[in-house]
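# mind folding the following:
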Amino acid sequence: MKFLYKFSLLSAVLGIMSTAILDCWNFLSHIIFDVPLTRYEFIGRWMLHMIDGQFYHQSIKQSSAIYGELVAGWLGHYMIGIFFASLLLGGWGLKWLQRPALMGAMTVSLFTVVIPYFIMQPAMGHGIAGSLTPNPQAMIIKVIISHVVFGFALYFAGSLINLVNQLRHKV
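Numbering: from 1, shown residues only. I've put the predicted structure just below:
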């Protein structure tokens, strides 16, 4: 039970920190390079429609809006970040936080592109890897860049957690 608590807590901290770093990157990319921001209300809409058993949409943008979808989308975004962090800690163990390695973080982050390409985008009516969007190549590139940034964010956040633990044990 103690391990499960520690694993869950560290996954949450690592996932929230990494997702926040990704969000900073996305915001800066929007400001500097005019990269469109992710529309979290559509992710929330998709998630909330699942409660009623609707998992696939011809177009998530044309599906009926649901109260709270933006909040649900942001919460879902952070829960996904926590889940990805738990994949890293589950695969490499909690000891990864004692010596964070970029290879583990990048392996997880690149493996996770499967989720938007083959689950989320098709379910929202965008096709596999955004193939039904006006610019599939841009969608593919944006997802890859976001997941690479998330990999660096996992590594950076893991390094910060490690540093805090080292400083805590010295005091």
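
# same for the longest helix along the chain, what does it pack against?
Secondary structure of the chain per DSSP state H: the longest helix is helix 136-170. For helix 136-170, the contact count by 3 or more CB pairs under 8 Å, 6 or more residues apart in numbering; DSSP states H and E identifies helix 2-33, helix 69-92, helix 102-111 as packing neighbours. C-beta: built from backbone N, CA, C; applies to glycine.

# change it to 10 Å
Applying 3 or more CB pairs under 10 Å, 6 or more residues apart in numbering; DSSP states H and E, one finds that helix 136-170 makes contact with helix 2-33, helix 69-92, helix 102-111, helix 114-115, helix 121-123.

# wait, doesn't P100 sit right on L160?
Yes - when contacts are counted by CB atoms under 10 Å, P100 is listed as touching L160 (9.1 Å).

# what sits in contact with each of those two?
L14 (CB atoms under 10 Å, 6 or more residues apart in numbering).

# more neighbours: those two, which one.
P100 (21 against 15; other CB atoms under 10 Å).

# can you tell me the SS state at the more buried one?
coil (DSSP: H, G, I helix; E, B strand; the rest coil).
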